[in-house]
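Student: I'll drop the sequence and a predicted model, then ask my questions.
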Amino acid sequence: MGHTRRFIRGNENAWATDYEHPEVASTGQSLTEDGIDSVALMYYAGHGLPEVSVSLASDHFGCRAFYSNMRLGVQELRWLVLDLCGGVAGPDVSASVNMVWSEPTNGDSARPLESLHVLCTFVDESFAGFDTGRGGEFATFVSHGAPVGSAWLDAAFARSGEQANIPIAIACGNDEADARFRLDNGRLADGAGGPVPSVSLAWKWRS
């Protein structure tokens, strides 16, 4: 799968509104040409408020992109990596996944119950999030055909720093078997197929 455009937004140029959907947040710009749903793969590295939001350096209508205001993958987004603390929280990982990520993967009025393919993040605290090389290693793995979920688990765990991370991958599907298959086998080449059903979620983590 090739690419037609790319962008990098950092520090004051990374806006919370770019992550939030306009049907849920009045200032949401996720569907604009610079929004999160205008690219196939988005990698965010920074801070997060556990189970609540991405925390950004800018303050454009606020500095937090709330997960509850996201509707992911209804346009172009197929894979999202949130390299931050607390995208999911323990000890009850299953409860946290369902509480935090059911609504953001629920689609919008134009594409109900359709969403991105795979979301990758961390359970609880992530260690040494900057300059560990895990982003580059992940990109290398997936560009050579590795399944996206497995590539994240391998790169994020191997590049933990002094303490071991608990990376997690979450996939959407028409049912549990479909989501599980995408979790274990979904690759970048699958992105041309568009959004996938989000009736069910499946997840796996490494510790």
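Tutor: Everything's here; your move.

Student: Distance check, the residue nearest the centre of the chain against Ala177.
Tutor: Nearest to the mean C-alpha position of the chain, by C-alpha atoms, centre = their mean, lies Leu80 at 2.8 Å. For Leu80, the distance to Ala177 equals 23 Å [C-beta to C-beta, to the nearest Å]. Every C-beta, even on glycine, is put in place using the N, C-alpha and C of the backbone.

Student: How about Val93?
Tutor: Counting by C-beta to C-beta - Val93 and Ala177 are separated by 20 Å.

Student: higher neighbour count, the two?
Tutor: A count of neighbours by other C-beta atoms under 10 Å puts Val93 above the other of Val93 and Ala177, at 17 against 11.

Student: Look at the closest residue to Pro50 other than its chain neighbours and give its secondary structure.
Tutor: Closest residue in space to Pro50, ignoring its immediate chain neighbours: Gly86 at 2.7 Å, by C-beta to C-beta, 6 or more residues apart in numbering. Here Gly86 takes the coil state, with states given by DSSP: H, G, I helix; E, B strand; the rest coil.

Student: Count the neighbours of Val24 for me.
Tutor: 16.

Student: Was I right to think it contacts Arg71?
Tutor: Yes: using C-beta atoms under 8 Å, Val24 is in contact with Arg71, at 6.5 Å.

Student: hey, where'd the helices end up in this structure?
Tutor: Secondary structure of the chain (DSSP state H): helices at 93-101, 134-143, 148-158, 176-185.

Student: would TSV of these with mean pLDDT and distance to Gly35 be doable?
Tutor: Shown next, in TSV, are these (pLDDT from 0 to 100; distance: least, C-beta to C-beta, whole Å):
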stretch	mean pLDDT	distance to Gly35
helix 93-101	98	19
helix 134-143	92	21
helix 148-158	93	21
helix 176-185	98	24
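
Student: on that earlier part again, residues near the residue nearest to Pro50, how many?
Tutor: Neighbours of Gly86 using other C-beta under 10 Å come to 22.

Student: One more: the one 5 residues further on?
Tutor: Using other C-beta under 10 Å, Pro91 is surrounded by 8 other residues.

Student: In the protein, where is pLDDT below threshold?
Tutor: Within the chain, the stretches with pLDDT under 70 are 1-14, 57-62, 127-132, 159-162.

Student: repeat that with 80
Tutor: 1-15, 57-63, 126-132, 159-164, 207 (pLDDT under 80).

Student: so who does the residue nearest to the centre of the chain touch?
Tutor: Going by C-beta atoms under 8 Å, 6 or more residues apart in numbering, Leu80 touches 36, 41-42, 44, 72-73, 116, 118-120.

Student: Just the ones of the residues you listed in strands?
Tutor: Using DSSP state E, 41-42, 44, 118-120 are the members of the contacts of Leu80 that sit in strands.
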